[in-house]
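Enquirer: Here is my input; please provide its structure:
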Amino acid sequence: MRTQRGRMGLQHGLDRVWRAPVVVVLALLALVAGCSTGPGGSAAAGPPPVPPVALAASVAPGAVDVAPAEPLVVSAAGGRLTSVTVTPAGGAALAGTIDPSGTRWTSAALAYGTDYRVQAVGVDEHGTPGAPLDQTFSTVAPEQTLEVASIRPTDGQTVGVAMPISITFDAPVTDRAAVERRVAVTTSVPTEGSFRWMSDEQLNWRPKEYWKPGTQVTVDARLFGVDSGEGLYGAEDTAFSFTVGRDQRARGDVNAHTLVLYQDGQELRSMPASYGRDVYPTQYGVHVAFEKHEIKRMRSDTWGGPAEGTPGFYDQNLPLAVRISNNGEFVHVNPDTVRQQGRSNVSHGCVNLSPTNGQFFFNWVQMGDPVEIVGSSRPLTTRDGDIADWTIPWEEYRQGSALAGGA
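Expert: Numbers count the residues shown, from 1 in each chain. Prediction:
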């Protein structure tokens with residue numbers, strides 16, 4: 001019995017010893033089988049295939065009446081471009097540039113009223129050509145274009161610290177946002193500022209505070225091809241630059257009868273002056289000098305004063321006149337009021353100076369210098385001035401931008 005039990009125990013132990021390697025071998029066989037071809041199966045999966053290069057243009061195939069504000073862009077996804085040709089009907093192929101990666105080609109400027117054919121070829125990362133691009137489109141032929149009628153400051157001008165930027169168009173702009181997006185103001189000194197539409201024809205930009213002296217400013221209005229609404233498209237691009245000069249400011253006190261000049265924060269000269277009488281008060285607020293005249297003819301009825309033939313009417317040629325608003329206000333020489341200057345206000349709204357002081361102011365003042373009038377009974381408003389930007393509180397001014405809401 002002991003012998004039989006011993007044999008049975010020995011056999012059981014041997015079974016356990018041999019059984020474990022068999023399990024391991026079977027597991028290895030199963031793993032190998034999973035990586036090999038099974039009965040009726042296919043070969044093991046390799047690396048995914050490379051997708052073909054895909055070419056596309058920034059203008060849809062067959063598009064018509066395309067606004068040519070932006071250049072045409074041809075791009076390659078999953079590869080690179082090997083050739084791009086954009087040909088206007090009856091003309092030579094457009095010039096273009098390709099980026100260093102070879103995936104993006106940008107054309108020269110498009111033209112109005114032109115049919116274009118776009119052809120491009122590209123290859124994938126292994127050099128295999130993909131389906132070529134071949135499509136056409138045409139640009140709009142506008143019946144009317146929008147032109148810049150005037151700019152201020154003029155190109156190359158040196159101006160005072162209060163001079164805003166102004167672009168006036170020759171027709172009303174319906175899509176203000178589209179036009180405003182295309183106008184960029186670049187400053188050599190970081191300057192917070194905002195656009196404001198003063199009217200449908202006039203777009204202004206001013207800094208939040210007065211300019212810093214020495215600031216170099218460039219305005220780039222890329223308006224060619226822009227749809228400004230009502231079928232009106234930008235005629236051409238406009239660019240101009242100017243420099244901010246010395247920090248010069250004038251402060252006129254109606255009640256003290258003085259005009260005090262400041263330069264770089266220091267009082268330079270205090271001059272006796274005569275301002276508008278009570279019925280024609282010189283308006284208070286920040287005026288901006290923007291015209292100089294050696295001689296200026298002034299008639300009271302041209303701005304709403306006494307009509308010809310009535311008491312108080314005048315028609316005079318006055319010397320050394322600096323315009324500070326569009327409502328008839330000037331700083332100018334008036335020899336007839338020298339005795340009243342510094343004592344009483346007798347003008348029709350202008351700032352009267354003596355010949356000596358008037359000559360000094362005329363030679364000293366820069367276009368764009370602020371002339372702040374205080375103590376008057378009537379405010380300067382946006383209705384009264386060609387440059388009335390500083391009469392508007394800053395937050396209100398910003399809301400006059402077509403993009404104030406982030407559009």
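
Enquirer: any idea how far Leu223 lies from Gly193?
Expert: Using CB to CB, to the nearest Å, Leu223 is found at 20 Å from Gly193. Heads up, the C-betas are built off the backbone N, CA and C, glycines and all.

Enquirer: Which one of these two is surrounded by more residues?
Expert: Applying other CB atoms under 10 Å to Leu223 and Gly193 shows that Leu223 carries more neighbours, namely 24 against 19.

Enquirer: my guess is the more buried one meets Leu203, correct?
Expert: No - using CB atoms under 8 Å, Leu223 is not in contact with Leu203, being 10.6 Å away.

Enquirer: and the protein, what are its domains?
Expert: Split into domains by automatic domain parsing, the chain comes to 54-138, 144-245, 248-390.

Enquirer: Show me where the chain has its helices.
Expert: Taking DSSP state H as the criterion, the chain carries its helices at 2-34, 176-180, 355-364, 394-399.

Enquirer: what does the last one contact?
Expert: Applying CB atoms under 8 Å, 6 or more residues apart in numbering, the contact partners of helix 394-399 are 194, 196, 206, 208, 389, 404.

Enquirer: Buried among those residues? Make that a PyMOL selection.
Expert: Selection of the buried residues among those in PyMOL, burial being defined by 16 or more other CB atoms under 10 Å:
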select buried, resi 194+196+206+389+404
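
Enquirer: Just list the residues touching Thr97, thanks.
Expert: 105-106.

Enquirer: what about stretch 217-237, average pLDDT?
Expert: Per-region confidence: stretch 217-237 scores 97 on mean pLDDT.

Enquirer: Also stretch 80-96?
Expert: On average, stretch 80-96 scores 97.

Enquirer: buried sites along it?
Expert: Neighbour counts over stretch 80-96 (16+ other CB under 10 Å) mark 80-81, 84, 86, 88, 94, 96 as buried.

Enquirer: Determine which two of these are furthest apart.
Expert: Using CB to CB, the two most remote members of the buried residues of stretch 80-96 are Arg80 and Pro88, lying 25.5 Å apart.

Enquirer: if we can go back for a sec, just the contacts of helix 394-399 now: which is nearest Thr381?
Expert: Lowest distance from Thr381 to these (CB to CB) belongs to Asp389, with 11.8 Å.

Enquirer: Phe195 is in contact with that closest one, correct?
Expert: No - between Asp389 and Phe195 there is no contact, the gap being 10.9 Å when judged by CB under 8 Å.

Enquirer: Now do the shared contacts for these two.
Expert: Taking CB under 8 Å, 6+ apart as the criterion, Asp389 and Phe195 both touch Asn204.

Enquirer: returning to what we had before: lowest average confidence across the helices of the chain, which one?
Expert: Mean pLDDT is lowest for helix 2-34 out of the helices of the chain, coming in at a mean of 39.

Enquirer: coming back round to it: shared neighbours of Leu223 and Leu203, which are they?
Expert: 179, 183.

Enquirer: quick one: which of the contacts of helix 394-399 is nearest Asn345?
Expert: Of all the contacts of helix 394-399, Asn345 sits closest to Asp389, with 26.7 Å by CB to CB.

Enquirer: Tell me the pLDDT of that closest one.
Expert: What the model reports for Asp389 is a pLDDT of 96.

Enquirer: which ones are touching the spatially closest residue to Ala60 that is not a sequence neighbour?
Expert: Among residues not flanking Ala60 along the chain, Phe137 sits closest, at 7.2 Å (CB to CB, 6 or more residues apart in numbering). Applying CB under 8 Å, 6+ apart, one finds that Phe137 lies in contact with 57, 59-64, 66, 115-116, 118.

Enquirer: Contacts only, for Ser138.
Expert: Going by CB under 8 Å, 6+ apart, Ser138 touches 63-66, 113-116.

Enquirer: what number of residues lie near Leu318?
Expert: Per other CB under 10 Å, the neighbour tally for Leu318 reads 20.

Enquirer: So Arg168 versus Arg339, what's the distance?
Expert: Small correction: residue 168 is Thr, not Arg. Thr168 is 42 Å from Arg339, where distance means CB to CB.

Enquirer: now Pro142
Expert: Taking CB to CB as the measure, Pro142 falls 62 Å from Arg339.

Enquirer: who's more crowded, these two?
Expert: Legend: neighbour count by other CB under 10 Å for Pro142 and Arg339, higher for Pro142 (18 against 11).

Enquirer: re the thing from before, adding pLDDT, write the contacts of Phe137 out as JSON lines.
Expert: Below are the contacts of Phe137 laid out as JSON lines (pLDDT from 0 to 100):
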{"residue": "Ala57", "pLDDT": "98"}
{"residue": "Val59", "pLDDT": "98"}
{"residue": "Ala60", "pLDDT": "98"}
{"residue": "Pro61", "pLDDT": "98"}
{"residue": "Gly62", "pLDDT": "98"}
{"residue": "Ala63", "pLDDT": "98"}
{"residue": "Val64", "pLDDT": "98"}
{"residue": "Val66", "pLDDT": "97"}
{"residue": "Asp115", "pLDDT": "98"}
{"residue": "Tyr116", "pLDDT": "98"}
{"residue": "Val118", "pLDDT": "98"}
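
Enquirer: Right, I'll call it a day here.
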